[in-house]
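> I need the structure of the sequence given here:
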Amino acid sequence: MKKLMILSAAAMAIFFAMPQIAEASTTQNDITLTQEKAVKYTEITAATLPEAITATLTKDFVGYSVDKIFQGDNDTYKVAVRKAAVKTTLLFTSKGELIK
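From the prediction side, this is the model:
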């Protein structure tokens, strides 16, 4: 009788431990790393700035003066502007859309 109790207790312990072992062994984390290419910018003149960007600047940034303009190798444009003592850098797509 004593052996039967010990045997049934051991069987129950194994029975309840099996789902936890199976669950722990099937857990997997997927981690994806992406590395963005560094964009290189070259300075350009206002005459070579796309018309869409010029239109956005004249419409949305009234009173700002353009200090420098840079074109990225991914076809984005950085425009350094200022209004009084406040300087800011704007990032545009070639279609004149403000990125930030």
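
> buried residues in stretch 84-94?
The neighbour-count check on stretch 84-94 (16 or more other Cβ atoms under 10 Å) flags 90, 92 as buried. C-beta coordinates here come from the backbone N, C-alpha and C atoms, glycine included.

> cool, stretch 59-79 as well?
Quick answer for stretch 59-79 (16+ other Cβ under 10 Å): 61, 64, 69-72, 76-79.

> where does this protein have low pLDDT?
Applying pLDDT under 70 to the chain flags the ranges 4, 10-11, 13, 15-29, 35-36.

> report the distance from stretch 66-81 to the chain centre.
The chain centre lies 21 Å from the centre of stretch 66-81; the measure is Cα atoms, centre = their mean, to the nearest Å.

> going forward, count from 54.
Renumbered: residue one is now 54, and that last one reads stretch 119-134.

> could you give the bridge partners of the residue nearest to residue 152 when sequence neighbours are not counted?
Using Cβ to Cβ, 6 or more residues apart in numbering and skipping the chain neighbours, the partner closest in space to residue 152 is residue 144 (4.2 Å). When bridges are called by DSSP bridges, residue 144 pairs up with residue 131.

> from the buried residues of stretch 112-132, which ones fall inside strands?
Among these, the members falling in strands (DSSP state E) are 122-125, 129-132.

> picking up where we left off before, which of the buried residues of stretch 112-132 sit farthest apart?
117 and 125 (20.7 Å; Cβ to Cβ).

> any idea how far residue 109 lies from residue 140?
Residue 109 is 19 Å from residue 140, where distance means Cβ to Cβ, to the nearest Å.

> for residue 55, see how far away residue 150 is.
Distance of residue 150 to residue 55, given as Cβ to Cβ: 81 Å.

> and which of the buried residues of stretch 112-132 is nearest residue 90?
Among these, residue 125 lies closest to residue 90 (Cβ to Cβ), at 10.5 Å.

> show me the contacts for the closest one.
Residue 125 makes contact with 92-94, 131, according to Cβ atoms under 8 Å, 6 or more residues apart in numbering.

> what about 6 Å?
92, 94 (Cβ atoms under 6 Å, 6 or more residues apart in numbering).
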